[in-house]
Each structure stands twice: as structure tokens, then as C-alpha cells.
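Participant: next comes the sequence, and after it the predicted model I'd like to discuss.
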Amino acid sequence: MTLQFQTDREGDVASLSIALEPEVALIRRMPEPATRTRAFLEPLIGLYRRCGISFRIDLDAQTD
């Protein structure tokens, strides 16, 4: 599976493309406002490991 991240001028991920079939699907979606609050997001912060890949979820200074 091929993943491609597109970033904005600040280097933040703006979109993600995933090759699902011979064509590439571009997925763009804004989350519901309630799921963008600091109270909702803070419990998700941490180190994760999936399919042998480690990654960290954190908040930036812009999160309300």
C-alpha cells in the first residue's frame, strides 16, 4: 500500500493520498468541531506502534 502526504507551507499535513486501486483516491475531510478540542485530543497523545512502524501523536500550539 502506498501512502502520500501533502504538506502546507508550514510543513503540516494538509492531505493524504492512498492507492486503493489502480487509481489514487484523495481524501479530504475536516473533523467535527467537538473532536478538535484539546479535551478530546489530549487522551490520544502518546507513542504508537502499528505494523512495525512507531509514531507519536502530539498536539501543536494551535489546538484550542
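Facilitator: Cool, got the structure. Numbers count the residues shown, from 1 in each chain.

Participant: give me every residue that touches the most centrally placed residue in the chain.
Facilitator: In the chain, the centroid-proximal residue (C-alpha atoms, centre = their mean) is Val13; its distance is 6.8 Å. Val13 makes contact with 5-7, according to C-beta atoms under 8 Å, 6 or more residues apart in numbering. C-beta: built from backbone N, CA, C; applies to glycine.

Participant: return the subset of those lying in strands.
Facilitator: Among these, the ones falling in strands (DSSP state E) are 5-7.

Participant: out of these, which is nearest to Tyr48?
Facilitator: Phe5 (16.6 Å; C-beta to C-beta).

Participant: separation between the closest residue to the closest one other than its chain neighbours and Ala39?
Facilitator: Of all residues not flanking Phe5 in the chain, Val13 sits nearest, at 5.1 Å (C-beta to C-beta, 6 or more residues apart in numbering). Separation of Val13 from Ala39 (C-beta to C-beta, to the nearest Å): 22 Å.

Participant: again, but for Phe5
Facilitator: Note on Phe5: its distance to Ala39, by C-beta to C-beta, is 27 Å.

Participant: let me see the confidence value for the residue nearest to Phe5.
Facilitator: If you check Val13, the pLDDT there is 84.

Participant: turn the ones in strands among the contacts of Val13 into JSON lines, including distance to Phe55, pLDDT and neighbour count.
Facilitator: Shown next, in JSON lines, are the ones in strands among the contacts of Val13 (distance: C-beta to C-beta, whole Å; pLDDT from 0 to 100; neighbours: other C-beta atoms under 10 Å):
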{"residue": "Phe5", "distance to Phe55": "12", "pLDDT": "85", "neighbour count": "10"}
{"residue": "Gln6", "distance to Phe55": "18", "pLDDT": "86", "neighbour count": "11"}
{"residue": "Thr7", "distance to Phe55": "16", "pLDDT": "85", "neighbour count": "10"}
